[in-house]
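Visitor: just coords:
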């Protein structure tokens with residue numbers, strides 16, 4: 001009796017942020033298909049890990065790798081285990097592909113079908129396209145794997161900036177301009193985009209709610225924008241590429257009469273200048 005090589009998939013996706021979904025396939029010795037995908041979570045920058053992998057150690061390693069890349073609080077673990085055969089060192093090959101390079105791709109996918117790796121989605125330039133492809137090829141130390149290019153050039157710089165922090169808040173300690181650890185994590189996720197857009201200039205704009213005096217809020221919003229700039233400069237972004245401003249309560253997104261509205265109005269925005 002002949003046997004088929006079913007496909008097993010695993011993947012990752014972060015809607016509205018710079019990422020790709022990964023679909024990973026291994027050959028098995030029985031006619032069984034076990035799909036696994038890191039799929040998009042609706043209206044939130046989550047990474048959902050789902051599907052089936054051959055053993056618990058593989059499951060734990062993949063989830064840990066995704067959590068290390070995106071932050072544990074953003075990862076939803078729905079990955080299952082089934083008794084399916086996989087090629088030697090399949091888990092190691094999968095983990096090598098879950099790297100920060102994936103954040104350079106928006107609304108994309110990284111698939112491994114058998115020994116063929118396909119990366120799809122949008123990048124901002126031909127330079128980024130080449131960098132992503134070269135990085136994937138370099139990490140695969142198995143010569144039987146090949147990389148297929150399905151990337152397209154199209155995401156604008158401003159779209160990438162907006163997507164990297166969509167629906168997320170850059171948090172500060174109450175009443176001052178000190179970033180919280182979670183606020184720093186959001187900025188860390190933005191760093192790959194800023195580095196992709198090297199040579200461009202950005203404005204960091206601080207906003208507050210309407211609680212308290214306007215003059216104090218203007219000062220606070222400017223101080224918070226300056227704090228964000230200082231953190232990004234510490235991470236290697238050139239100071240000359242960043243300008244700051246503070247608009248206080250003057251440009252609300254929501255009604256300041258509600259707690260939810262005030263929370264939306266306390267924000268940092270990034271604008272691509274040139």
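Guide: Received, thanks. Owing to the predicted nature of the structure, the values given are computational and were not obtained by experimental measurement.

Visitor: alpha carbons only for contacts and neighbour counts from here, please
Guide: Will do.

Visitor: can you check which helix is longest in the chain?
Guide: helix 214-234 (DSSP state H).

Visitor: what does it contact?
Guide: 172, 175-179, 184, 187, 191, 204-210, 239, 242-249, 268 (CA atoms under 8 Å, 6 or more residues apart in numbering).

Visitor: in ChimeraX, select just the buried ones from those residues.
Guide: Burial among the contacts of helix 214-234 is assessed by 16 or more other CA atoms under 10 Å; the matching ChimeraX selection reads:
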select :172,177,179,184,187,191,204,205,206,207,208,209,210,242,243,244,245,246,247,248,249,268
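
Visitor: can you map out the strands along the stretch 51-200 of the chain?
Guide: Assigned by DSSP state E, counting those that start in this stretch, the stretch 51-200 of the chain shows strands spanning 75-81, 106-113, 116-123, 146-153.

Visitor: and these, which one is worst for confidence?
Guide: Lowest mean pLDDT within the strands of the stretch 51-200 of the chain: strand 106-113, at a mean of 67.

Visitor: so where's the stretch 51-200 of the chain uncertain?
Guide: Low-confidence segments of the stretch 51-200 of the chain (pLDDT under 70): 51, 86-87, 107-108, 110, 112-114, 154-156.

Visitor: quick one on the thing from earlier: ok and the very next helix or strand once past the longest helix of the chain relative to helix 214-234, angle-wise?
Guide: Next along the chain after helix 214-234, taking DSSP states H and E as the criterion, comes strand 242-246. Relative orientation of strand 242-246 and helix 214-234, computed by axes from the mean of the first three to the mean of the last three CA atoms, to 10 degrees: 160 degrees.

Visitor: coming back round to it: Serialize the strands of the stretch 51-200 of the chain to TSV and add fields for mean neighbour count and distance to residue 262.
Guide: Below are the strands of the stretch 51-200 of the chain laid out as TSV (neighbours: other CA atoms under 10 Å; distance: least, CA to CA, whole Å):
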stretch	mean neighbour count	distance to residue 262
strand 75-81	19	27
strand 106-113	25	30
strand 116-123	22	34
strand 146-153	17	37
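
Visitor: what residues sit buried inside the longest helix of the chain?
Guide: 214, 217-229, 232.

Visitor: quickly list the domain ranges of the chain.
Guide: 20-153, 158-272 (automatic domain parsing).

Visitor: so how far is the longest helix of the chain off the chain centroid?
Guide: Centroid separation for helix 214-234 versus its chain: 25 Å, with CA atoms, centre = their mean, to the nearest Å.

Visitor: make sure residue 271 is indeed in a strand.
Guide: Yes. Checked against DSSP: H, G, I helix; E, B strand; the rest coil, residue 271 lies within a strand.

Visitor: just the helices from this protein, written as ranges.
Guide: Using DSSP H, helices in the chain cover 56-70, 90-97, 126-139, 157-164, 181-196, 214-234, 259-265.

Visitor: most tightly surrounded among those helices?
Guide: Compared across the helices of the chain, helix 157-164 shows the largest average neighbour count, a mean of 21 (mean count of other CA atoms under 10 Å).

Visitor: what helices or strands is that helix leaning on?
Guide: helix 181-196, strand 267-272 (3 or more CA pairs under 8 Å, 6 or more residues apart in numbering; DSSP states H and E).

Visitor: got the ones you listed as CSV, with distance to residue 80 columns?
Guide: CSV is the format used below for the helices and strands packed on helix 157-164 (distance: least, CA to CA, whole Å):
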stretch, distance to residue 80
helix 181-196, 27
strand 267-272, 38
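
Visitor: nothing else from me, thank you.
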